[in-house]
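Asker: Here you go, sequence then predicted model.
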Amino acid sequence: MKVRSLTLCAMFTALSCLCAWLTIPFPGVPFTMQTFAIALTLMVLGGKRGCAAIFAYLLLGVCGLPVFSGFQGGVWALVGPTGGFLMGFGLGALGYWALTALGVKPVPAAAACLAVSYLSGCLWYAFGYLSGAASLGAAALQCVVPFLIPDGIKLALAAIVSKKLNKLV
């Protein structure tokens, strides 16, 4: 990667860290601005550089830096209740890259990325912190349904901001 690409990746990695700290406590899964940062990162940087920025963010957290919500860091954050959502960010970013390479527009691809994060987080929460498959519906009610409208708004906001930023980047 060139210096410009590395700098942009670093800036969006830092944005993900900052947005994770903007947290409203919520039972089970907190409300954060991470989904905004992830969507914006992908829509501005594209699949390859966006994945690099998101995986750098996740790596910083795994290494112990307090970059996740609630100023958490370390491997525990990935095996904790919200770990599935964090892993879903990485998986979703890879999906975004693949979808946009196939010609899917950025906003639907970012929505698919969010859906992958929801699915990963919901499954992780249901099987790790509730009583398994029988509680998958309960996990969805607790971890997904309350976030659908706010995350839709964040996705729309990311689309608007990305149009402005793409002109500058």
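Answerer: Cool, the structure landed.

Asker: How far off centre is stretch 148-158?
Answerer: When C-alpha coordinates are averaged (Cα atoms, centre = their mean, to the nearest Å), stretch 148-158 and its chain have centres 12 Å apart.

Asker: Let me fix that, I meant to ask about stretch 77-91.
Answerer: In this view, stretch 77-91 has its centroid 9 Å away from the chain centroid, taken as Cα atoms, centre = their mean.

Asker: and the end-to-end length of that stretch?
Answerer: With Cα to Cα, to the nearest Å applied, stretch 77-91 spans 17 Å between its terminal residues.

Asker: swap in stretch 64-82?
Answerer: Stretch 64-82 has an end-to-end distance of 16 Å (Cα to Cα).

Asker: in that stretch, what counts as buried?
Answerer: Under the neighbour-count criterion of 16 or more other Cβ atoms under 10 Å, stretch 64-82 has 66-69, 72-73, 77-78, 80-82 buried. Where you see a C-beta, it was placed from the backbone N, CA and C, and this is true even at glycine.

Asker: could those residues go into JSON lines alongside pLDDT?
Answerer: Rendered in JSON lines, the data for the buried residues of stretch 64-82 read as follows (pLDDT from 0 to 100):
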{"residue": "66", "pLDDT": "96"}
{"residue": "67", "pLDDT": "96"}
{"residue": "68", "pLDDT": "93"}
{"residue": "69", "pLDDT": "88"}
{"residue": "72", "pLDDT": "92"}
{"residue": "73", "pLDDT": "94"}
{"residue": "77", "pLDDT": "89"}
{"residue": "78", "pLDDT": "88"}
{"residue": "80", "pLDDT": "87"}
{"residue": "81", "pLDDT": "85"}
{"residue": "82", "pLDDT": "85"}
